[in-house]
Each structure stands twice: as structure tokens, then as C-alpha cells.
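[1] Below is the structure, and that's it, no one-letter string:
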């Protein structure tokens, strides 16, 4: 399982590459879905895509903890979910400041 680690309160862009995309995704509407790994309600964040690289502008609102993460790109009538063969793991560490 791929793991992305960030600090609580971080407000920077996260870039995620979608490999083996079945179509050109550059005109798609992108959503990043993040759900606590122990269950609960998923949060959905807007993102953009260019040449199969998703840019997710983190807003610093995720609490420290472990999450499952996936990206959904809607292009026309298609929905492409990445990663398609597993979930990504997101770890949000507490910060010192």
C-alpha cells in the first residue's frame, strides 16, 4: 500500500500521478476522497489534473490520524478511480507548533 505522510495543518499542494489511465483525463473533474481508516465519514476535496498528475491543494483541515485515500476523475460519462487495485494510505501527523 502506498503511503502519503503530511503534518496536521499543512497547506501545500500534494501531487499524485495516475498511471495507466484508460483515457486522457486532463479535462476531468477531480475529487480526492479521504476516509478515516477505522471507519467514519469520508471527506471530499476538490483537485485538478494535468497530464495525469493530480494536484490536491491541502487546506490543513484534516485531523491527525490514519486515513484511506482515493482519487476519482469524471470525464464525460466515465469515472476513473485511482489507485484502481488498492487504496492509498494517508497519515496525518500531529505538529509541534
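    Here it is on my side, so go on. Please read these numbers as outputs of a predicted model, since none were measured by experiment.

[2] Least confident secondary structure element in this protein?
    Here the helix or strand of the chain ranked lowest by mean pLDDT, DSSP states H and E is strand 78-82, holding a mean of 89.

[3] how far out from the middle of the chain is that strand?
    Centroid displacement of strand 78-82 relative to its chain, using CA atoms, centre = their mean, to the nearest Å, is 13 Å.

[4] Quick one: residues in contact with that strand.
    16, 18-19, 21-23, 25, 28, 54, 70-74 (CB atoms under 8 Å, 6 or more residues apart in numbering). Glycine gets a C-beta too; all of them are placed from N, C-alpha and C.

[5] partners of it, with directions?
    With DSSP bridges as the test, strand 78-82 is paired with strand 65-75 (antiparallel).

[6] And the contacts of the strand it pairs with?
    Here strand 65-75 makes contact (CB under 8 Å, 6+ apart) with 4, 16, 18, 23-25, 27-38, 47, 49, 54, 79-83, 87-92.

[7] Just the buried ones among these, please.
    Buried members of these, counted by 16 or more other CB atoms under 10 Å: 16, 18, 25, 28, 30-36, 47, 49, 54, 80, 82-83, 88, 90, 92.

[8] hang on, the earlier thing: mind putting the contacts of strand 78-82 into CSV with pLDDT?
    As requested, the contacts of strand 78-82 are exported to CSV (pLDDT from 0 to 100):
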residue, pLDDT
16, 92
18, 88
19, 84
21, 82
22, 83
23, 81
25, 90
28, 92
54, 94
70, 94
71, 94
72, 94
73, 95
74, 95
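
[9] Can you tell me the element residue 92 falls in?
    Residue 92 is part of strand 88-93 when elements are defined by DSSP states H and E.

[10] now do residue 32
    With elements taken from DSSP H and E, the one containing residue 32 is strand 29-36.

[11] Determine the set of other helices and strands touching that strand.
    Applying 3 or more CB pairs under 8 Å, 6 or more residues apart in numbering; DSSP states H and E, one finds that strand 29-36 contacts strand 43-50, strand 53-57, strand 65-75.
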